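Asks: whatever this is, show me its structure:
(chains A and B)
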Protein chains: 2
Amino acid sequence: MARLISVAGARGPAYGDAVADGGFRVAVVGATGLVGQTQLGVLEQRGFPVAELVPLASQRSAGQYVRFRGEQIAVREARPDAFDGLDLVFFAATGDLSASLAPEAVARGAVVIDKSNTWRMDPQVPLVVPEINAAAVDRHAGILACPNCTTIGMVMALEPVRRVAGIRSVVATTLQSPSGAGKDGAEELARQAEAAAAGRPITPSAFPTQIYDNVIPLCERFADGPGGYSTEELKLLRETRKIFDDDTVDVAMTCVRVPVAVGHSCSLLVETERLISVAQARQAIAEFPGVRLVDDPATNTFPTPQDVAGTDDVLVGRVRQDLNSERLWLWSVVDNLRKGAATNAVQIAETLIAREVLKSG
Amino acid sequence: MARLISVAGARGPAYGDAVADGGFRVAVVGATGLVGQTQLGVLEQRGFPVAELVPLASQRSAGQYVRFRGEQIAVREARPDAFDGLDLVFFAATGDLSASLAPEAVARGAVVIDKSNTWRMDPQVPLVVPEINAAAVDRHAGILACPNCTTIGMVMALEPVRRVAGIRSVVATTLQSPSGAGKDGAEELARQAEAAAAGRPITPSAFPTQIYDNVIPLCERFADGPGGYSTEELKLLRETRKIFDDDTVDVAMTCVRVPVAVGHSCSLLVETERLISVAQARQAIAEFPGVRLVDDPATNTFPTPQDVAGTDDVLVGRVRQDLNSERLWLWSVVDNLRKGAATNAVQIAETLIAREVLKSG
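Replies: Model (predicted):
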């Protein structure tokens, strides 16, 4: 019987009993992708109790090898029968693959933690950021969803303030890494940087226009309908309301890609329900698990993507009051591949174990 | 006698009489700098009636040569006696140089158009974006000021909406090129890109941390005092109020550097005084001189820094209504060296001529 015996901060708990009996049979779907690769690293770094690891991917990537705990493991094709006998399946793949295969995994007895957009707004599916709404995992019906990488960075920065003062509205402009669009996006930036350095022409492919030496005020794609919003922007509102379990919170947003390999930044103007001073906000942020206050104008201290890449905390700085109102400005940065995706997914699994919703054996 | 005989749109007027009698004796202070170099190009491209061009710079750069209308001209040291006999002096230099030398140029009979921060908030000094407040030039007392490059891009995007519906408040997040900090900033980005391509370590110098492959939520420096605002952010509020001649307009802002060689972008949420539809806003933007509407979600059309670099129009797109209010989102991009600086300064001079405030001979 796997059981979480203690939680050692946000850095990964100790899984005494689970490790003792070998832990869980775990699959990662999309194991060769950017988030999937990060997922394997996070499982290993946090000592997640994996008895057996099954890397899965679409037919195109099956047959490749991935590394886990020093071993090379062959990637198998993600087909329904690949889920036989598994306890836990992390989907870090396309929405199409999640749509068709997550129910197959659940039908075979596994719990699914999905990183795609497919299941997030399904009323049967908890949308979880464990530091914020851990108890939501109790109500799962087989599938649990991980929010969008941008949403996670934003709500983690907002939650400390929300707990103290409530949140009425947020105006957000995001500055997002192309790696949020997966391997294609990350490789496009790297390829364009190489082309620029070599004086070669730049031909956009993953994005509608050049991202190197540019910013693109469109993330993902324009949503259908006349509103002029991107699908990414709409997620930010809908997911935030579901995570906060508050359909009155107002999020106004523009999402922008910037030429940064890793890290999503958010510029946030926050209207609270009750008055909160800058000092109170700073203290709440500094004390919140998984969030780190990086904020000291006197020493030019503020968080940037370079500071957050490869780490799990959401960094928050530039905390200050609006010049003409009681609103608060915040600036947050998250590693979109780790806390924005892989780490949050593993934390959801850890929460399932800690709350005794998931047991091995 | 120089006289502007007709104005041909925003692309530079025809200066018939002025050219006929040779035009103005013009100095550019800071002629070897990034804005100064652009200034020389803009004067030439617009056919500004220059009878004699005197390039000036600090002692350090004196003796270098600059190119104007195909000629190499030696740069002289900017000292008080260098202004003898001049009609018009463009300052594209440091604030210190403007502070000490602009009054010297005025005392010798020249009109000064200054690009630095030194004189902008002086009540005696008009702060001018000609498409917005051309008549302000009539009240000058020798010095006229060009707004900050970020302010110009923002107010140009706002003005068409303001004329139709008034503006109560703006929430702005800016994404600014390092070239807004001058040659040092531009060279820092280029040098760091080269270092990254060669696998060499990156050492920040012009900015407090790495700008390549990063974004920095600090433009210029933190202002004195406890507010936590940058000097750049404070300019955005103060200059906008002066240009709009409206001390009630509220601008809330965060200013960020992004790794883009040229082009300042603004993400703007605008609360108008009177209701305006998206269609009305689009039409107003499309019809406003010096602004170009670049906005069609159906064809992935929106403006980016790559689209604006080397041009004089401010590009505006992503025009849409907030999901939960009547507010409007806009996204603007300006070439910070041209309309954000050099072109606007030349347009101020053209406005002086057109309004017969400045006459040659």
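
Asks: touching, A:T151 and A:L237? I think so.
Replies: No: in this structure A:T151 lies outside contact range of A:L237 using Cβ atoms under 8 Å: 9.3 Å. (C-beta placed from N, C-alpha, C; glycine too.)

Asks: and these two? Which one has more around it.
Replies: More neighbours surround A:T151 than the other of A:T151 and A:L237, with 29 against 20 (other Cβ atoms under 10 Å in any protein chain shown).

Asks: that's a helix at that one, yeah?
Replies: Yes: counting by DSSP: H, G, I helix; E, B strand; the rest coil, A:T151 falls inside a helix.

Asks: tell me the contacts of it?
Replies: Taking Cβ atoms under 8 Å, 6 or more residues apart in numbering or on different chains, we find A:T151 in contact with A:K235, A:L236, A:E239, A:T240, A:I243.

Asks: elements contacting the helix or strand that contains the third one?
Replies: Meaning A:E239. Assigned by DSSP states H and E, A:E239 belongs to helix A:231-244. Secondary-structure packing of helix A:231-244 (3 or more Cβ pairs under 8 Å, 6 or more residues apart in numbering or on different chains; DSSP states H and E): helix A:130-133, helix A:149-165, strand A:167-176, strand A:250-257.

Asks: next, the buried residues of the longest one.
Replies: In other words, helix A:149-165. Applying a neighbour-count criterion of 16 or more other Cβ atoms under 10 Å in any protein chain shown, one finds A:149-162, A:164-165 buried in helix A:149-165.

Asks: what do you get for the third one?
Replies: Within strand A:167-176, the residues that qualify as buried by neighbour count (16+ other Cβ under 10 Å) are A:I167, A:S169, A:V170, A:V171, A:A172, A:T173, A:T174, A:L175, A:Q176.

Asks: which residues in chain A form strands?
Replies: Along chain A, the segments classed as strands by DSSP state E run A:24-29, A:50-57, A:65-68, A:71-74, A:76-77, A:88-91, A:111-114, A:143-145, A:167-176, A:250-257, A:264-272, A:291-293, A:314-321, A:328-334.

Asks: between the ones you listed, which one is nearest to B:R320?
Replies: Nearest to B:R320 among the strands of chain A is strand A:250-257 (9.2 Å), distances taken as Cβ to Cβ.

Asks: how far off centre is that closest one?
Replies: Relative to the centre of its chain, strand A:250-257 is centred 17 Å away, using Cα atoms, centre = their mean, to the nearest Å.

Asks: quick check: angle from that strand to strand A:264-272?
Replies: 160 degrees (axes from the mean of the first three to the mean of the last three Cα atoms, to 10 degrees).

Asks: is any residue of strand A:250-257 near chain B?
Replies: Yes: applying Cβ under 8 Å from any Cβ of the partner chain, one finds that strand A:250-257 is in contact with chain B at A:D250, A:A252, A:T254, A:V256.

Asks: what's the answer for stretch A:157-172, then?
Replies: Yes: Stretch A:157-172 reaches chain B (Cβ under 8 Å from any Cβ) through A:V171.

Asks: for that stretch, how far is the first residue from the last?
Replies: 12 Å (Cα to Cα, to the nearest Å).

Asks: just how off-centre is it within its chain?
Replies: Distance, centroid of stretch A:157-172 to centroid of chain: 19 Å (Cα atoms, centre = their mean).

Asks: and for it, what are the contacting residues?
Replies: Applying Cβ under 8 Å, 6+ apart, the set of residues contacting stretch A:157-172 is A:129, A:131-132, A:154, A:236, A:240, A:244, A:248-254, A:266-276, A:280-281, A:284-285, A:287-288, A:291, A:314, A:316, A:328, A:330, A:332, B:171, B:269.

Asks: how about 6 Å then?
Replies: With contact meaning Cβ atoms under 6 Å, 6 or more residues apart in numbering or on different chains, stretch A:157-172 is reached by A:132, A:249-253, A:266, A:268-274, A:276, A:281, A:284-285, A:288, A:314, A:316, A:330, A:332, B:171, B:269.

Asks: for chain A, which residues are neighbours of chain B?
Replies: A:171, A:173, A:175, A:197, A:208-210, A:213-217, A:222, A:228, A:250, A:252, A:254, A:258-261, A:265, A:267, A:269, A:297, A:300, A:302, A:304-306, A:318, A:320, A:322, A:324, A:329, A:331 (Cβ under 6 Å from any Cβ of the partner chain).

Asks: what subset of these is buried?
Replies: Buried among the residues of chain A next to chain B by 16+ other Cβ under 10 Å: A:171, A:173, A:175, A:208-210, A:213-217, A:222, A:228, A:250, A:252, A:254, A:258-261, A:265, A:267, A:269, A:297, A:302, A:304-306, A:318, A:320, A:322, A:329, A:331.

Asks: look up how far A:G153 lies from A:A252.
Replies: From A:A252 across to A:G153, the span is 17 Å (Cβ to Cβ, to the nearest Å).

Asks: next: A:E350.
Replies: A:E350 sits 20 Å away from A:G153, going by Cβ to Cβ.

Asks: likewise for A:L40?
Replies: 22 Å.

Asks: please apply the same query to A:A286.
Replies: Distance, A:A286 to A:G153, by Cβ to Cβ: 17 Å.

Asks: and for A:Q176?
Replies: As judged by Cβ to Cβ, A:Q176 and A:G153 stand 9 Å apart.

Asks: go on, A:E232?
Replies: Distance from A:E232 to A:G153, counting by Cβ to Cβ: 13 Å.

Asks: and for A:F244?
Replies: Distance, A:F244 to A:G153, using Cβ to Cβ: 15 Å.

Asks: was I right about A:P55 contacting A:V75?
Replies: Yes: under the criterion of Cβ atoms under 6 Å, A:P55 makes contact with A:V75 at 4.6 Å.

Asks: compare those two and say which is more crowded by neighbours.
Replies: Comparing A:P55 with A:V75 by other Cβ under 10 Å, the one with more neighbours is A:P55, at 27 against 21.

Asks: please name the bridge partners of that one.
Replies: A:V28 (DSSP bridges).

Asks: thinking again about what came up before, okay, and the common contacts of A:P55 and A:V75?
Replies: A:A31, A:V66.

Asks: got the domain ranges for chain A?
Replies: Domain assignment for chain A by automatic domain parsing gives A:9-147+A:341-354, A:151-336.

Asks: so where's chain A shaky on pLDDT?
Replies: Chain A contains residues with pLDDT under 70 at A:1-21, A:361.

Asks: how close does the residue lying farthest from the centre of it get to chain B?
Replies: Within chain A, A:G199 marks the point farthest from the mean C-alpha position, 35.5 Å out by Cα atoms, centre = their mean. Here the criterion is Cβ to the nearest Cβ, to the nearest Å. By it, A:G199 lies 11 Å from chain B.

Asks: now do the contacts for that residue.
Replies: Contacts of A:G199 (Cβ under 6 Å, 6+ apart): none.

Asks: show me what contacts the closest residue to chain B within the stretch 1-150 of chain A?
Replies: Nearest to chain B in the stretch 1-150 of chain A, going by Cβ to the nearest Cβ, is A:T150, at a distance of 14.2 Å. Counting by Cβ under 6 Å, 6+ apart, A:T150 touches A:T174, A:Q176, A:H264.

Asks: burial of the residue nearest to the first one when sequence neighbours are not counted, as a residue count?
Replies: When you say that, I think you mean A:T174. In space, and not counting its chain neighbours, A:T174 is closest to A:C255: 4.7 Å by Cβ to Cβ, 6 or more residues apart in numbering or on different chains. By other Cβ under 10 Å, 28 other residues sit near A:C255.

Asks: and the gap between A:C255 and A:A284?
Replies: As judged by Cβ to Cβ, A:C255 and A:A284 stand 26 Å apart.

Asks: can you check A:I348 too?
Replies: 24 Å.
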